[in-house]
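Novice: The following block contains a protein sequence and its predicted model.
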Amino acid sequence: MIVKYEWKTYEMTFGKAICFQFQKLWFPSRRFLRAVKRCVMYLKDWLPVLAVFTPIAIGALFVLWKADLISHSSAIVELVLLFLGSFMLLAIREIREKEIKRHQSLLRQWEICSELRGRFGRDFEIIGSPFKAQFTKWESMANLNALNEALSTVRAPASITEKEINCIKDAIDDLKHSIQLIKDERRQIGFVDCFIASGDSYFLSNAESEALELLNNLSARNYEKAAQSLREMSSSCFWILKDFRTPWKYRMDIARRELMEKYLMQHGVEYQI
């Protein structure tokens with residue numbers, strides 16, 4: 001039986017394929033549970049409103065019942081209708097609006113993440129060139145190993161030409177614009193599930209300060225310290241981008257993908273079309 005996963009096609013026995021399809025249901029079920037959790041958190045904001053609204057509604061209906069204007073059963077029905085028509089309707093509307101805003105924020109966050117990935121990779125390739133840093137794999141931002149591999153090649157040069165310094169300055173200016181873009185977008189739309197959204201990030205400020213330190217060290221021809229600034233700056237930018245990717249890289253999701261890939265390797269054969 002043929003199954004598809006991550007743009008690849010595999011062939012396996014019918015029983016194993018059915019088992020694999022059931023395993024794939026883990027992802028939509030997790031997304032559903034996360035959505036339910038968000039809704040519950042939204043509803044918690046309505047508890048103070050309910051604490052005020054409920055006693056007033058019950059008191060008003062109690063007075064009407066005592067005055068024989070409505071029956072006991074009618075009072076219960078009215079209370080339910082008030083609850084459904086007022087609280088539930090407004091709560092559902094608010095949840096819908098928040099989910100729409102969250103979706104729009106995620107779309108913008110992914111656009112910024114993709115833009116930063118390209119810009120950081122391009123900028124660090126220019127900045128790292130005089131230091132013999134191989135940032136070709138760093139652009140993909142696959143994992144920390146790619147960054148460590150690039151940083152392990154950083155060496156303080158004997159000298160740097162004026163042309164190279166000007167290129168580094170231009171790349172650092174572009175990097176600063178990227179950091180400013182993050183700050184501006186954070187104020188306008190906010191970000192989802194990342195520390196940068198909660199306030200000033202250490203990595204943002206550290207990347208800016210190390211960029212300035214790098215330029216100062218280059219002007220002073222202190223290339224050893226400049227190389228260290230490059231290491232610190234690139235590490236901070238890596239964690240900035242990693243933080244941005246959190247909504248698409250939850251740890252449990254990554255672990256589940258690894259288990260599914262292992263399952264495919266054990267029970268399936270990649271199918272060549």
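Specialist: Thanks, I have the structure now.

Novice: Quick one: distance of stretch 170-189 to the chain centre.
Specialist: 17 Å (CA atoms, centre = their mean, to the nearest Å).

Novice: ok, now stretch 21-30?
Specialist: Its chain's C-alpha centre and that of stretch 21-30 lie 21 Å apart, by CA atoms, centre = their mean.

Novice: same thing with stretch 209-225?
Specialist: 32 Å.

Novice: could you dump that stretch to PDB, C-alpha only?
Specialist: Once non-C-alpha atoms are left out, stretch 209-225 reads as follows in PDB (Å, rounded to 0.1, in the frame of the first residue of the first chain):
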ATOM      1  CA  SER A 209      25.300  45.600  21.000                       C
ATOM      2  CA  GLU A 210      27.600  42.900  19.500                       C
ATOM      3  CA  ALA A 211      27.100  44.400  16.000                       C
ATOM      4  CA  LEU A 212      28.300  47.800  17.400                       C
ATOM      5  CA  GLU A 213      31.200  46.000  19.200                       C
ATOM      6  CA  LEU A 214      32.200  44.300  16.000                       C
ATOM      7  CA  LEU A 215      32.500  47.500  14.100                       C
ATOM      8  CA  ASN A 216      34.500  49.200  17.000                       C
ATOM      9  CA  ASN A 217      36.900  46.200  17.100                       C
ATOM     10  CA  LEU A 218      37.400  46.400  13.300                       C
ATOM     11  CA  SER A 219      38.100  50.100  13.500                       C
ATOM     12  CA  ALA A 220      40.700  49.400  16.300                       C
ATOM     13  CA  ARG A 221      42.100  46.400  14.300                       C
ATOM     14  CA  ASN A 222      41.400  44.100  17.200                       C
ATOM     15  CA  TYR A 223      40.500  41.200  15.100                       C
ATOM     16  CA  GLU A 224      40.400  38.600  17.900                       C
ATOM     17  CA  LYS A 225      37.700  40.500  19.700                       C
END
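
Novice: Which residues in that stretch does the neighbour count mark as buried?
Specialist: Residues of stretch 209-225 classed as buried: 210, 211, 213, 214, 215, 217, 218, 223 (neighbour count, 16 or more other CB atoms under 10 Å). (Each C-beta comes from the backbone N, C-alpha and C, glycine too.)

Novice: mind checking the backbone torsions on residue 133?
Specialist: phi -80, psi 130 (degrees, to the nearest 10).

Novice: number of nearby residues for the nearest residue to it once chain neighbours are set aside?
Specialist: Of all residues not flanking residue 133 in the chain, residue 154 sits nearest, at 4.7 Å (CB to CB, 6 or more residues apart in numbering). Neighbourhood size, residue 154 [other CB atoms under 10 Å]: 18.

Novice: sec struct for residue 154, please.
Specialist: coil (DSSP: H, G, I helix; E, B strand; the rest coil).

Novice: mind listing what it touches?
Specialist: Residues in contact with residue 154 (CB atoms under 8 Å, 6 or more residues apart in numbering) are 128, 131, 132, 133, 227, 230, 231.

Novice: One more: residue 46?
Specialist: Counting by CB under 8 Å, 6+ apart, residue 46 has contacts 87, 91.

Novice: show me where the stretch 51-200 of the chain has helices.
Specialist: 72-82, 89-128, 144-151, 162-188 (DSSP state H, counting those that start in this stretch).
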